[in-house]
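In: compute the structure for the input listed below.
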Amino acid sequence: MKSHNDGNRTLFESIAFPEVETTLKDWISLNIEKYVLIGDVALSFYIKPRTTQDIDVLFLMNEDIPQNLNGFKKSRAHAFLHTQTHVEVEVLTPDFLNISFELAEKIIETSIINDNIKIASPSGLVASKLNRFSLQDKADIEQLLLTQNINMSQFPLTENQLKNYKEMINYIKK
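Out: Residues are numbered from 1 along each chain as shown. As a prediction, the model looks like this:
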């Protein structure tokens, strides 16, 4: 499989495990609004596909997260378990991710639609990873910077997030 998506690979073609694909298709069929796909499944759409076994979605507010979902059961405060595949869908909010509401809004606003789901843009994924900035986040940001057109000018980044972004740009230039 290609190391990054040149625009010819669909989201479902980017998913390594059939159980994750089934779960995502069932999630999409629920017609939930006000969220965007983030995390490894979203990353797999843009860069080399990952073998992740969960799905992460970002909602703006806790009130936007549905409570009863056909085919899913609540497994913990911010997660639903698909009753057929046992794949977990983590439902995240700006507070949970420790990012601003405005940044989350921009991540959702700049998303694209593929296979009937909003997927965070490459720049939105970078923005979502600049706060925690773990080793894995840095590796993800590096891959996005090397393979995608990243423009952070429209994202309301904090001083620390901007510092982390500049660190990654400088690292890539070396």
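
In: so is the closest residue to Phe155 other than its chain neighbours in a helix, a strand, or just coil?
Out: On the basis of Cβ to Cβ, 6 or more residues apart in numbering, the spatially nearest residue to Phe155 that is not a chain neighbour turns out to be Ala127, at 4.6 Å. For the C-beta atoms, the positions are set from N, CA and C on the backbone; glycine is no exception. The three-state label for Ala127, taken from DSSP: H, G, I helix; E, B strand; the rest coil, comes out as helix.

In: ok, Ala127 - how many residues close by?
Out: Neighbouring residues of Ala127 were enumerated by other Cβ atoms under 10 Å; the total is 27.

In: need the residues that contact stretch 8-18.
Out: 2, 5, 21, 24-25, 37, 41, 44-45, 49-53, 87, 114-115, 117, 119 (Cβ atoms under 8 Å, 6 or more residues apart in numbering).

In: buried set for it?
Out: Arg9, Leu11, Ser14, Ile15, Ala16 (16 or more other Cβ atoms under 10 Å).

In: list the contacts of the residue nearest to Phe155.
Out: The contact partners of Ala127, by Cβ under 8 Å, 6+ apart, come to Ile99, Leu103, Lys106, Ile107, Met152, Phe155, Leu157, Gln161.

In: if I look at it, how far off is Phe72?
Out: For Ala127, the distance to Phe72 equals 28 Å [Cβ to Cβ, to the nearest Å].

In: and Asn131, by the same measure?
Out: Taking Cβ to Cβ as the criterion, Asn131 is separated from Phe72 by 28 Å.

In: kindly report the same for Asp56.
Out: In this structure, Asp56 and Phe72 are separated by 15 Å, where distance is defined by Cβ to Cβ.

In: strands of this protein, start to end?
Out: Under the criterion DSSP state E, strands of the chain are mapped to 35-38, 54-59, 72-76, 79-82, 88-92, 112-114, 117-119.

In: present those strands as JSON lines; the columns should include mean pLDDT.
Out: What follows is those, written out as JSON lines (pLDDT from 0 to 100):
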{"stretch": "strand 35-38", "mean pLDDT": "97"}
{"stretch": "strand 54-59", "mean pLDDT": "97"}
{"stretch": "strand 72-76", "mean pLDDT": "95"}
{"stretch": "strand 79-82", "mean pLDDT": "97"}
{"stretch": "strand 88-92", "mean pLDDT": "97"}
{"stretch": "strand 112-114", "mean pLDDT": "94"}
{"stretch": "strand 117-119", "mean pLDDT": "96"}
